[in-house]
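>>> This is a predicted model, with the sequence first.
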Amino acid sequence: MNVLFVVMDTLRADHLGCYGYFRGTSPVMDRLAEEGVLFEDFYASGVPTGPGFTSLVTGMFPVNHRFYLTPHNFPDSYQVDDNIVTLAEVMWENGYVTAALDNLVNFRSHMKHFTRGYEYHINVTGTARWLHHHITADMVNRRLLPWIRAHSDERFFLFVHYWDPHTPYNQPKEYQNLFHHERGNLSDLKVREAPAGYQYVPGWGKADQIFEGDEQVWRSPIPGETFARGRSIDLYDGEVAYVDNRLGQVIDALRDEGILEDTLVVVTSDHGEQLGQHGLYGHTGLHDANVYLPLIMRYPKKLPRGRRVRGFAQHADVASTIFELAEVPLEETLAGLRGFAESSPGPSDIRGFTDGRSLLPLVGGRRVREEVFVETTSPQLRRKVDRVTVMLAGQRAVRTGEWKYIRHMEEGGAELYNVKADPMEVINLAEEERDTARRLEEKLTEWVRSNLGGEARDPILRPPA
């Protein structure tokens with residue numbers, strides 16, 4: 001069995017047709033869902049990019065893998081302990097040819113855990129002048145498609161990171177002009193009534209708070225690169241359609257090589273995008289706009305066709321599911337790595353995948369999680385009388401079937417939403433529903449305590465002066 005593990009940066013689940021979106025953004029992913037398994041209740045473990053990818057490849061929550069965007073801990077917060085084993089290392093130890101088409105290592109902190117375990121690590125930038133999020137799907141595919149053709153006779157684990165639909169919107173012109181919403185007119189949108197009493201557009205937000213777009217001049221260090229002028233949900237959806245199309249090229253290449261039916265295809269995302277909801281445009285905060293993500297798996301030999309699975313799942317669960325489908329003996333592999341480490345100089349606390357749970361029981365109808373926990377340290381705007389400052393603020397959240405509780409770590413305060421009645425999370429009930437807020441606060445506190453064990457200091461918090 002081969003594995004194609006695709007992570008599309010900044011992709012919201014609710015902007016895909018297979019998740020109910022009203023625009024035709026995702027025919028390729030829709031078809032994969034029809035031919036495989038779609039997880040309807042999949043959430044991030046950590047956001048934004050660094051924590052999210054790290055949870056995907058270590059099977060751990062940020063509180064345990066310690067990747068936080070906290071400048072007071074720099075540079076350690078941007079590096080993962082070398083004793084934490086990655087998904088690629090496990091697959092490599094089990095005879096897979098491992099390859100990544102990615103450029104996360106190009107971040108200023110050069111996060112080396114994103115390169116560990118790869119026999120082939122293909123940095124798709126082409127030049128050091130390319131900023132990481134400027135990478136387009138065409139740049140990835142120009143290296144990816146030849147790699148597939150050259151290695152189709154080997155058993156491979158292939159990790160592919162597409163930056164689309166992350167800003168800046170630099171997709172080809174035809175995808176910049178694909179969708180057109182008329183400002184101030186809701187007739188071209190799908191408007192619903194929330195039980196809480198307001199109108200909303202799925203994937204867009206509360207009907208009277210729709211983000212209508214803005215103009216923004218992107219700085220471009222690359223000669224000849226062209227950007228869409230500004231930001232809008234139309235442009236975001238055009239990027240989704242573009243990367244979906246380029247994913248189709250990869251699926252076609254697997255089919256042409258005769259290996260599609262023997263390849264587990266996994267498609268997910270690291271985080272979403274607020275798209276103007278909550279007064280934000282970006283991936284700040286722990287609202288569902290930022291943490292509710294797609295997860296699609298296709299492998300006809302072991303997974304059912306057209307199965308839509310209800311029940312919570314998270315980033316940390318993906319690696320464990322891949323291991324079970326590939327029949328990779330995780331514990332035996334970790335034990336072998338520990339034995340090697342013990343015979344070598346240096347620490348030998350080999351660990352990993354401590355928080356993940358295989359999702360195959362969920363596919364079979366059994367729940368694997370009663371709630372999900374999500375963490376972030378992301379930029380927050382703080383307005384003062386004469387200026388706007390940006391600080392990195394930690395948040396943690398717990399989500400149940402009915403409620404979402406968000407704790408603001410540095411400044412105190414909380415948000416509480418009844419997500420069944422208030423799907424856009426715009427009515428904060430933290431003061432009105434104090435008993436519920438207290439119960440969820442206790443659940444979150446106990447979760448953190450159980451993960452930290454005997455450690456005194458919470459790594460998400462600023463250390464005392």
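Here it is on my side, so go on.

>>> Excluding sequence neighbours, find me the nearest residue to the most centrally placed residue in the chain.
Centroid-nearest residue in the chain, with Cα atoms, centre = their mean: Asp270, separated by 1.4 Å. Leaving aside its sequence neighbours, Asp270 sits nearest to Gly52 (Cβ to Cβ, 6 or more residues apart in numbering; 3.4 Å). Quick note: C-beta positions are derived from backbone N, CA and C, even for glycine.

>>> and the one you found, helix, strand or coil?
Following DSSP: H, G, I helix; E, B strand; the rest coil, we place Gly52 in the helix state.

>>> what's the distance between it and Val267?
15 Å (Cβ to Cβ, to the nearest Å).

>>> same check, this time on Glu370
Separation of Glu370 from Val267 (Cβ to Cβ) stands at 26 Å.

>>> Mind checking which of the two has more residues around it?
Val267 (27 against 10; other Cβ atoms under 10 Å).

>>> Return the per-residue confidence for that one.
With respect to pLDDT, Val267 scores 98.

>>> Reduced to three states, what does it come out as?
Here Val267 is strand, with the state taken from three-state DSSP.

>>> That one pairs with what?
Val6, Ile296 (DSSP bridges).

>>> show me what contacts it?
By Cβ atoms under 8 Å, 6 or more residues apart in numbering, the residues touching Val267 are Val6, Met8, Met29, Leu32, Leu247, Pro294, Leu295, Ile296, Met297.

>>> Show me what the longest helix belonging to the chain packs onto, helices and strands only.
Using DSSP state H to define each element, the chain has its longest helix at helix 233-256. For helix 233-256, the packing partners by 3 or more Cβ pairs under 8 Å, 6 or more residues apart in numbering; DSSP states H and E come out as strand 2-8, helix 27-35, helix 137-151, strand 156-162, helix 173-176, strand 263-268.

>>> For stretch 414-421, buried residues please.
Neighbour-count burial for stretch 414-421, counted by 16 or more other Cβ atoms under 10 Å, picks out Ala414, Glu415, Leu416, Tyr417, Asn418, Val419.

>>> domain ranges for the chain?
Split into domains by automatic domain parsing, the chain comes to 2-363, 372-452.

>>> For the protein, give me the ranges with low pLDDT.
69-78, 108-109, 126-131, 220-224, 344-348, 378-393, 456, 462-465 (pLDDT under 70).

>>> let's see 50
Applying pLDDT under 50 to the chain flags the ranges 71-76, 381-391.

>>> Among the buried residues of stretch 414-421, name the ones in strands.
Judged by DSSP state E, strands contain the following of the buried residues of stretch 414-421: Ala414, Glu415, Leu416, Tyr417, Asn418.

>>> which of those residues sit farthest apart?
Using Cβ to Cβ, those reach their maximum pairwise distance at Ala414 and Asn418, which is 14.1 Å.

>>> you'd agree Asp14 is in a helix?
Yes - counting by three-state DSSP, Asp14 is located in a helix.

>>> quick one: contacts for the residue nearest to it when sequence neighbours are not counted?
Spatial nearest neighbour of Asp14, excluding adjacent residues (Cβ to Cβ, 6+ apart): Gly203 at 4.2 Å. Neighbouring residues of Gly203 by Cβ under 8 Å, 6+ apart: Arg12, Asp14, His15, Tyr21, Ile233, Leu275.

>>> So which residues make contact with stretch 13-26?
Stretch 13-26 has contacts (Cβ under 8 Å, 6+ apart) with 27, 29-30, 33-34, 38, 40, 42, 179, 189-190, 202-203, 236-237, 240-241, 244, 269, 272, 292-294, 296.

>>> Buried ones among the residues you listed?
29-30, 33, 38, 40, 42, 179, 189, 202-203, 236-237, 240-241, 244, 269, 272, 292-294, 296.

>>> coming back round to it: and of the domains of the chain, who's closest to Asp458?
Closest to Asp458 of these is domain 372-452 (Cβ to Cβ; 6.6 Å).

>>> one step back: tell me which of the domains of the chain sits most buried.
Of the domains of the chain, the one with the most neighbours on average (mean count of other Cβ atoms under 10 Å) is domain 2-363, at a mean of 19.

>>> Pull the distance from that domain to the chain's centre.
From the chain centre to the centre of domain 2-363 is a distance of 5 Å (Cα atoms, centre = their mean, to the nearest Å).

>>> show me where the protein has helices.
If DSSP H is used as the criterion, the helices of the chain fall at 27-35, 49-58, 62-65, 87-93, 137-151, 173-176, 233-256, 288-291, 318-326, 330-342, 360-363, 434-452.

>>> For Glu375, find the nearest of the ones you listed.
Taking Cβ to Cβ, helix 62-65 is the member of those nearest to Glu375, at 4.5 Å.

>>> before we move on, the earlier item: kindly reformat the buried residues of stretch 414-421 as a markdown table containing distance to Ser320.
Shown next, in a markdown table, are those (distance: Cβ to Cβ, whole Å):
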| residue | distance to Ser320 |
| --- | --- |
| Ala414 | 31 |
| Glu415 | 30 |
| Leu416 | 31 |
| Tyr417 | 29 |
| Asn418 | 31 |
| Val419 | 26 |
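
>>> of all those residues, which comes closest to Tyr96?
Val419 (39.2 Å).

>>> got the contact list for the closest one?
Val419 is in contact with Asp288, Arg399, Glu402, Trp403, Lys404, Glu425, counting by Cβ under 8 Å, 6+ apart.

>>> ok, now how distant is the last one from Tyr405?
Right, Glu425. Glu425 sits 11 Å away from Tyr405, going by Cβ to Cβ.

>>> just to revisit the earlier point, with distance to Phe107 added, can I get the ones in strands among the buried residues of stretch 414-421 in TSV?
Below are those laid out as TSV (distance: Cβ to Cβ, whole Å):
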residue	distance to Phe107
Ala414	31
Glu415	29
Leu416	34
Tyr417	32
Asn418	38
